[in-house]
Structures are given as structure tokens and as C-alpha cells.
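Novice: turn this into a model:
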Amino acid sequence: MSEELTKTIVAWATQIAGDTARLPSRQARDAHLAARRRDLLDGAVAQGASESDAAIIADACVDAARRILSELLAQRAGIPEGQA
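Specialist: Modelled structure (predicted):
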């Protein structure tokens, strides 16, 4: 994975996690992350990535968003950083 792609994934993941953290329930957050994964997959394919490469990119982004989201929700709950 190139450094530029890594930076893009981190930026997307951060934005997605922030948006997702504002949702009221776990079900809403899970649905939002699934929808963003589909959007990322479709976007990567539209940009010329193969289906398998697009899935790798979308999964990496959503996995990173879940990790960031976990920390955001933990901070909201008062759990020390890195303990979520």
C-alpha cells in the first residue's frame, strides 16, 4: 500500500468514525459503517481498482474507522485512552 493511499484511508477513517460516533445506537453505527464500506467499495471500483483490491481498501478503511470509533466512544464514557 502506498504512503498516499495510507494517508487517504486514515483521513476517510477519521471522518467516518467522527460521523458514526454521533449516531444514537450500536445498530445505527453498524448500519452506517456497512453503508460507508459499500460506498468505498463502489468508489474504488469506479476509480479503476479491481473488485478484490477495492474490498481490501474498503475493509482497511472501515477497520480503521472502527478502531477510531472505539476510542471516541471510550473517551465519551470516560475510559482512559488506549483502554477501549
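Novice: how distant is the longest helix seen in the chain from the center of its chain?
Specialist: With secondary structure taken from DSSP state H, the chain has its longest helix at helix 51-77. Mean-position distance between helix 51-77 and its chain equals 3 Å (C-alpha atoms, centre = their mean, to the nearest Å).
Novice: what is that helix packed up against?
Specialist: Identification of packing neighbours for helix 51-77 by 3 or more C-beta pairs under 8 Å, 6 or more residues apart in numbering; DSSP states H and E yields helix 3-21, helix 26-46. In this view, the C-beta of every residue, glycine as well, is placed from N, C-alpha and C.
Novice: may I see the ones you listed organised as a markdown table, with mean neighbour count added?
Specialist: Below are those laid out as a markdown table (neighbours: other C-beta atoms under 10 Å):
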| stretch | mean neighbour count |
| --- | --- |
| helix 3-21 | 16 |
| helix 26-46 | 15 |
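Novice: nearest to Ala55, of these?
Specialist: Smallest distance to Ala55 across the helices and strands packed on helix 51-77 (C-beta to C-beta): 6.2 Å, for helix 26-46.
Novice: contacts for the closest one, please.
Specialist: 12, 16, 19-21, 23, 51, 53-55, 57-59, 61-62, 65-66, 69 (C-beta atoms under 8 Å, 6 or more residues apart in numbering).
Novice: and it with helix 51-77, angle?
Specialist: On the basis of axes from the mean of the first three to the mean of the last three C-alpha atoms, to 10 degrees, helix 26-46 is oriented at 150 degrees to helix 51-77.
Novice: pLDDT on helix 26-46, on average?
Specialist: For helix 26-46, the mean pLDDT works out to 96.
Novice: hey, C-alpha coordinates of that helix in CSV?
Specialist: Written as CSV, here are the backbone C-alpha positions of helix 26-46 (Å, rounded to 0.1, in the frame of the first residue of the first chain):
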residue,chain,number,x,y,z
ARG,A,26,-25.0,0.5,18.1
GLN,A,27,-27.3,-0.7,15.3
ALA,A,28,-27.3,2.7,13.7
ARG,A,29,-23.5,2.8,13.9
ASP,A,30,-23.1,-0.7,12.4
ALA,A,31,-25.5,0.2,9.6
HIS,A,32,-23.6,3.4,8.9
LEU,A,33,-20.3,1.6,8.7
ALA,A,34,-21.7,-1.0,6.4
ALA,A,35,-23.1,1.7,4.1
ARG,A,36,-19.8,3.5,4.1
ARG,A,37,-18.0,0.3,3.2
ARG,A,38,-20.3,-0.2,0.2
ASP,A,39,-19.7,3.4,-0.8
LEU,A,40,-15.9,3.0,-0.5
LEU,A,41,-16.0,-0.3,-2.4
ASP,A,42,-18.1,1.2,-5.2
GLY,A,43,-15.9,4.3,-5.4
ALA,A,44,-12.7,2.4,-5.6
VAL,A,45,-14.1,0.2,-8.4
ALA,A,46,-15.3,3.3,-10.2
